[in-house]
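In: Requesting a structural model of the entry that follows:
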Amino acid sequence: MVAREKAISYKNLKWFDFANPDKKTVNFLAENFKFHPLDLEDCLTEIQRPKIDEYSDYLFIVLHFPIWNQNTGRVTTEEVDIFIGQNFVITLHKGVLLPLEKIREECGGESGCKKYLERGSGYFLYQLTSKLFDYCFPILDKMWKSARRLEGDVFDEEGVRDLLKDIMLLKKNIITFRRILQPERPVISALEHKNKKFLPEALEVYFDDVVDKIEKQWSSLDSLKEMAETLQDANESLISHRSGETIKVLTIFSVIMLPLTLISGIFGMNVGLPFQKNVDAFLGIAGMMLVVAGVMFIYFRWKKWW
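Out: I've put the predicted structure just below:
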């Protein structure tokens, strides 16, 4: 467990950040804060959808964010649980979240703490959510870069290869990203109307800014989704077309070989045949076969079948 039980504080506001919370973390929260037991239990379990639980003296917020796995090139989900009250903000998450780590680094000095914490817990919540959603834009950039690379590969005239696996990975990442982002919009919008003791009306414009970021990401995902579907259709069409061309060439060779096989089969029978004892019979038969093959080839070219 990576638990920072030593809070980052400025004046009366404290921020606790817990990575990989366990029962020790829950016990610490239970001993120092009057949180509902069900909320503490949720901190150790995976919540399928974002939510806000409102109480008289605090809010419990569950949010999900996309994470880019550099090793696999896949988008995965990271859950962040947040407790926010008048004088505290508590974040819990698995592993390391780069936006939160950057905030911790900036809060290493008094000026950094003042920048984030001087305007109250509600404004600090805005800073947290804003930084986390800002982290989504580089992931979108990676996905767009992958889509443009696939676009070039699909329409590459020098060679053809089946890109279905790469396209399906892109589509899976888009679906995962959309599944994460879709329920976030109503949750962030709802923050504008929650307990005004630590989310004052003046913060509405700030959370509107976060909602605007989500909408931009959603719009970008819609465009990316359409592009991925177009690439899949184009890839399948080109593969089918080029496979048809290959089959056509093989069919033409098979048709040309058919009469040649017939001629060689006839003259290979152990019965009395014309020119059987002629020493030049082989050359004559071979010439006839070449003439037949040539006539068929010229006919196919004239019909523009090849």
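In: And for residue 225, nearest residue in space, chain neighbours not counted?
Out: In this structure, residue 225 finds its nearest non-sequential neighbour in residue 174, 5.2 Å apart by C-beta to C-beta, 6 or more residues apart in numbering. Using the backbone N, CA and C atoms, a C-beta is placed for each residue, glycine as well.
In: For the host helix or strand of residue 255, the averaged confidence score.
Out: Take DSSP states H and E as the rule and residue 255 turns out to sit in helix 204-266. Averaged over helix 204-266, pLDDT sits at 82.
In: and it, what does it pack onto?
Out: The contact analysis (3 or more C-beta pairs under 8 Å, 6 or more residues apart in numbering; DSSP states H and E) places helix 204-266 against helix 121-134, helix 136-154, helix 164-181, helix 184-190, helix 281-302.
In: What about residue 122, how many residues nearby?
Out: Neighbours of residue 122 under the rule other C-beta atoms under 10 Å: 23.
In: and it, what is it in contact with?
Out: 84, 198-200, 203 (C-beta atoms under 8 Å, 6 or more residues apart in numbering).
In: Tell me the spatial nearest neighbour of it, not counting adjacent residues.
Out: residue 199 (4.2 Å).
In: Which of the contacts of residue 122 fall in strands?
Out: Judged by DSSP state E, the subset of those located in strands is residue 84.
In: Please convert the contacts of residue 122 to CSV, extending it with neighbour count and distance to residue 44.
Out: Below are the contacts of residue 122 laid out as CSV (neighbours: other C-beta atoms under 10 Å; distance: C-beta to C-beta, whole Å):
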residue, neighbour count, distance to residue 44
84, 23, 19
198, 23, 25
199, 23, 26
200, 13, 32
203, 19, 30
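In: so where's this structure uncertain?
Out: Low-confidence segments of the chain, defined by pLDDT under 70: 1-6, 108-112, 157-162, 194-198, 201, 241, 244-245, 266-282, 303, 305-306.
In: Report the residue ranges of every domain in it.
Out: 2-240, 244-302 (automatic domain parsing).
In: winner for burial among those?
Out: Neighbour counts (mean count of other C-beta atoms under 10 Å) averaged over each of the domains of the chain peak at domain 2-240, with a mean of 16.
In: Reduced to three states, what does residue 65 come out as?
Out: Put simply, residue 65 is strand when judged by DSSP: H, G, I helix; E, B strand; the rest coil.
In: Against residue 138, how distant is it?
Out: Per C-beta to C-beta, to the nearest Å, residue 65 is found 12 Å from residue 138.
In: OK, contacts around the residue nearest to residue 225?
Out: Counting by C-beta under 8 Å, 6+ apart, residue 174 has contacts 143, 221, 224-225, 228.
In: Could you find the closest non-adjacent residue to residue 191?
Out: Leaving aside its sequence neighbours, residue 191 sits nearest to residue 207 (C-beta to C-beta, 6+ apart; 5.1 Å).
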